[in-house]
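> Next come a sequence and a model predicted from it.
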Amino acid sequence: MAKAQRNYVCQTCGAVSSKWAGKCESCGEWNCIAEEASETAAPPKGLGGGSRGRGRALPLVGLKGEDSSGIPRQASGIAEFDRVTGGGLVPGSALLIGGDPGIGKSTLLLQAMCALALKGARCLYVSGEEAVDQVRLRADRLNLAHAPVELASATNVRDIVATMEDGGAPVGVIVIDSIQTMYVDTVESAPGTVTQVRTSAQEIIRIAKKRGITVLFVGHVTKDGQIAGPRVLEHMVDTVLYFEGDRSHQFRILRAVKNRFGPTDEIGVFEMAGEGLVQVENPSALFLAQRQANVPGSAVLCGLEGTRPVLVEVQALVAPSPPGTPRRAVIGWDANRLAMVLAVLEARCGMQFSGSDVFLNIAGGIRIGEPAADLAVAAALISAQSGEPIPHDTVFFGEIGLGGEIRPVAQPSVRLKEAGKLGFSRAVVPAAKKNDGGGTAKGGDIKAAEIKVLQDVVDMYSGYRGGVRAMSPEARRA
């Protein structure tokens with residue numbers, strides 16, 4: 001007989017303890033431990049050489065299968081969505097998509113399901129948060145009511161699994177919106193707890209792998225933007241997607257942070273419109289559309305998100321600070337890297353930021369995480385401090401080391417090629433190594449200035465040389 005056991009599980013990290021406590025000893029969070037019930041059975045005697053005997057030997061196969069044509073994919077026709085998933089949905093895979101409330105997760109998945117259904121795939125949309133009529137209203141608003149998508153409103157995993165195993169037409173894709181609302185009736189915990197989320201996802205993924213059904217889970221996020229619950233859910237699925245964006249911007253970024261069947265860190269750009277999410281084919285032109293010329297503190301970064309080069313504007317503002325600790329405000333970039341770049345500018349280049357407030361913004365609502373943005377951020381800070389505008393047709397990319405050196409970054413040719421398409425004619429890039437065999441990059445008509453140390457950028461766009469202003473911006477222009 002199975003024996004019921006009461007455990008206390010942390011809803012943040014999943015740590016299990018035998019008694020309740022106000023603070024989790026594993027992750028340090030407060031008021032996150034909840035009581036859950038689970039069933040534990042005695043271990044089979046056969047595992048220890050008892051009466052049950054040996055287990056059945058597993059069938060073993062080689063790395064190369066009979067069909068060498070590759071993994072088949074289901075392309076939705078939404079280019080930005082297919083790009084992030086690696087070219088389409090792989091049968092039998094499980095995807096998890098998370099994002100802030102109201103960011104557009106359900107809208108995006110409904111559009112993708114309708115596109116797949118119109119191509120002949122049997123698509124099921126199971127909502128645990130909305131009624132069927134509410135989903136129909138959204139589809140009607142998006143002009144997708146004619147798509148043959150099958151709807152259901154359910155939260156019991158047993159009923160969902162029975163629908164997936166139905167002997168009718170095979171299910172191609174199923175959406176679970178959201179996994180935090182699902183429950184398994186054999187577990188005595190409330191929906192949304194660690195045990196329920198893990199068990200529900202495990203049961204659905206198990207039958208999906210068996211039947212070759214693609215599953216798309218919608219996951220809630222915490223106030224920090226991470227998917228709620230322990231990270232075991234992210235380990236269970238094949239692909240993890242984050243839907244990012246700011247409510248004040250119409251742009252939405254779909255970012256892949258894990259993908260077993262494609263590249264990671266790939267992004268898809270969408271624009272929120274009245275007819276739903278509209279894909280943006282050229283995000284660089286969109287991010288730079290509102291850029292102003294001859295403004296100090298503005299620099300263009302030629303970044304790389306996955307396999308796609310993206311040009312964004314880096315804005316910096318240096319203002320006098322009142323007595324006390326100066327402010328360091330960052331939007332769209334890592335605050336720790338900003339502190340590092342400021343320290344290198346002060347220690348290696350002689351510039352002074354300790355008595356000023358520094359504000360940094362990545363325009364357009366996108367978040368940049370690659371180290372190649374260091375050089376563009378430093379150029380924007382130098383321009384903001386000196387009052388010298390950076391030429392409108394110049395782009396930057398490069399990593400800054402603590403010694404003030406400029407380190408090379410990946411795929412400089414691809415970056416320069418994208419910049420050339422948008423009309424940029426000059427670039428400030430890291431110097432190529434002698435053993436690279438081909439220079440820094442082949443950027444067409446772009447004139448690339450190769451630099452080795454950050455002091456070279458200071459000399460280009462300000463009057464500082466060795467910490468002493470040599471010439472005013474007016475004199476330099478004269």
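Alright, I've got the coordinates. Numbering: from 1, shown residues only.

> Which strands or helices does the lengthiest helix in the chain pack on?
Under DSSP state H, the helix in the chain containing the largest number of residues is helix 194-211. Counting contacts by 3 or more CB pairs under 8 Å, 6 or more residues apart in numbering; DSSP states H and E, the secondary-structure elements packed against helix 194-211 are strand 3-10, strand 33-40, strand 94-99, helix 157-164, strand 214-219, helix 232-236. Glycine gets a C-beta too; all of them are placed from N, C-alpha and C.

> who touches the fifth one?
Spelled out, it's strand 214-219. Strand 214-219 is contacted by residues 74, 89-98, 105-106, 109, 112, 172-180, 201, 204-205, 208, 227-229, 233, 237 when judged by CB atoms under 8 Å, 6 or more residues apart in numbering.

> one more time with 7 Å
If you take CB atoms under 7 Å, 6 or more residues apart in numbering as the criterion, strand 214-219 is touched by 74, 89-98, 105-106, 109, 172-180, 201, 204-205, 208, 227-228, 233, 237.

> Likewise for the shortest one?
Contacts made with helix 232-236 from outside it, assessed by CB under 7 Å, 6+ apart, are listed as Gly14, Leu96, Val197, Arg198, Ala201, Gln202, Ile205, Gly219, Ile227, Val240, Lys258.

> wait, Gly297 sits on Ala384?
Yes: Gly297 lies in contact with Ala384 (CB atoms under 7 Å); the separation is 3.3 Å.

> now the helices and strands packed on helix 194-211 in JSON lines, with mean neighbour count?
Conversion of the helices and strands packed on helix 194-211 to JSON lines gives the following (neighbours: other CB atoms under 10 Å):
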{"stretch": "strand 3-10", "mean neighbour count": "15"}
{"stretch": "strand 33-40", "mean neighbour count": "16"}
{"stretch": "strand 94-99", "mean neighbour count": "25"}
{"stretch": "helix 157-164", "mean neighbour count": "17"}
{"stretch": "strand 214-219", "mean neighbour count": "26"}
{"stretch": "helix 232-236", "mean neighbour count": "16"}
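
> residue ranges with poor pLDDT in the stretch 201-350 of the chain?
Across the stretch 201-350 of the chain, residues meeting the criterion (pLDDT under 70) sit at 223-230.

> hey, where'd the strands end up in it?
Taking DSSP state E, counting those that start in this stretch as the criterion, the stretch 201-350 of the chain contains strands spanning 214-219, 239-245, 251-259, 267-273, 276-279, 298-305, 308-320, 328-331.

> Strand partners (parallel or antiparallel) of the fifth one?
Sheet pairing for strand 276-279, assigned by DSSP bridges, gives strand 267-273 (antiparallel).

> any idea of the angle the partner strand forms with strand 251-259?
For strand 267-273 against strand 251-259, the angle between stretch directions is 150 degrees (axes from the mean of the first three to the mean of the last three CA atoms, to 10 degrees).

> Could you give me the buried positions within strand 267-273?
Ile267, Gly268, Val269, Phe270, Glu271, Met272 (16 or more other CB atoms under 10 Å).

> what residues are up against the fourth one?
Read that as Phe270. Shown in contact with Phe270 (CB under 7 Å, 6+ apart): Glu80, Arg252, Leu254, Leu277, Val278, Gln279, Val280.

> So which of the strands of the stretch 201-350 of the chain is nearest Ala34?
strand 214-219 (18.5 Å; CB to CB).

> Quickly run through the sheet partners of the closest one, with directions.
Strand 214-219 has its sheet partners listed here by DSSP bridges as strand 94-99 (parallel), strand 173-177 (parallel).

> follow-up on the earlier one: can you select the buried ones from the contacts of Phe270 in ChimeraX?
In ChimeraX, the members of the contacts of Phe270 classed as buried (16+ other CB under 10 Å) are selected with the following command:
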select :80,252,254,277,278,279,280
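
> ok, the contacts of Phe270 vs Ile33, which is closest?
For Ile33, the closest of the contacts of Phe270 turns out to be Leu254, at 33.8 Å, with distances computed as CB to CB.

> any idea which residue sits dead centre in this protein?
Centroid-nearest residue in the chain: Arg255, 3.4 Å away (criterion: CA atoms, centre = their mean).

> Surely that residue and Thr264 touch.
No: Arg255 is beyond contact range of Thr264, at 9.3 Å (criterion: CB under 7 Å).

> residues shared between the contacts of Gly297 and Ala384?
Residues touching both Gly297 and Ala384 (CB under 7 Å, 6+ apart) are Ala316, Leu317.

> Tell me the one of the contacts of helix 232-236 nearest Ala432?
Here the nearest of those to Ala432, counting by CB to CB, is Lys258; it sits at 32.7 Å.

> Identify the bridge partners of the closest one.
Beta-bridge partners for Lys258, by DSSP bridges, are Val240.

> That one - how many residues pack around it?
Lys258 has 16 neighbours, counted by other CB atoms under 10 Å.

> can you pull the contacts of it?
With contacts taken as CB under 7 Å, 6+ apart, Lys258 has the following neighbours: Glu234, Thr239, Val240, Thr264.

> Please name the residues that touch the third one.
Residues touching Val240, when contacts are defined by CB under 7 Å, 6+ apart, comprise Leu96, Glu234, Val257, Lys258.

> Can you give me the separation between it and Arg260?
Counting by CB to CB, to the nearest Å, the gap between Val240 and Arg260 amounts to 10 Å.

> Ser115 contacts Ser76, correct?
Ser isn't right for residue 115; it's Ala. Yes: in this structure, Ala115 is within contact of Ser76 by CB under 7 Å, at 4.4 Å.

> Look at these two and report which has more neighbours.
Between Ala115 and Ser76, counting by other CB under 10 Å, Ser76 is the more crowded of the two (23 against 20).

> where does the more buried one land in three-state SS?
Ser76 carries the three-state label coil when classified by DSSP: H, G, I helix; E, B strand; the rest coil.

> residues touching it, list them.
For Ser76, the residues meeting the contact criterion (CB under 7 Å, 6+ apart) are Asp82, Gly88, Ala112, Ala115, Leu116.

> could the strands of the stretch 201-350 of the chain be laid out in CSV, adding distance to Arg415?
Compiled in CSV, these are given as follows (distance: least, CB to CB, whole Å):
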stretch, distance to Arg415
strand 214-219, 33
strand 239-245, 22
strand 251-259, 19
strand 267-273, 15
strand 276-279, 22
strand 298-305, 4
strand 308-320, 5
strand 328-331, 23
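
> and of those, who's closest to Val429?
Ranking the strands of the stretch 201-350 of the chain by their distance to Val429 (criterion: CB to CB) puts strand 298-305 first, at 8.8 Å.

> Next, the angle from that closest one to strand 251-259.
Computed by the same axes, to 10 degrees, the angle between strand 298-305 and strand 251-259 is 40 degrees.

> For strand 298-305, which strands pair with it and how are they oriented?
strand 308-320 (antiparallel), strand 394-396 (parallel).

> Among those, show me which one is buried the most.
Scoring the strands paired with strand 298-305 by mean neighbour count under mean count of other CB atoms under 10 Å gives strand 394-396 as the most buried, with a mean of 26.
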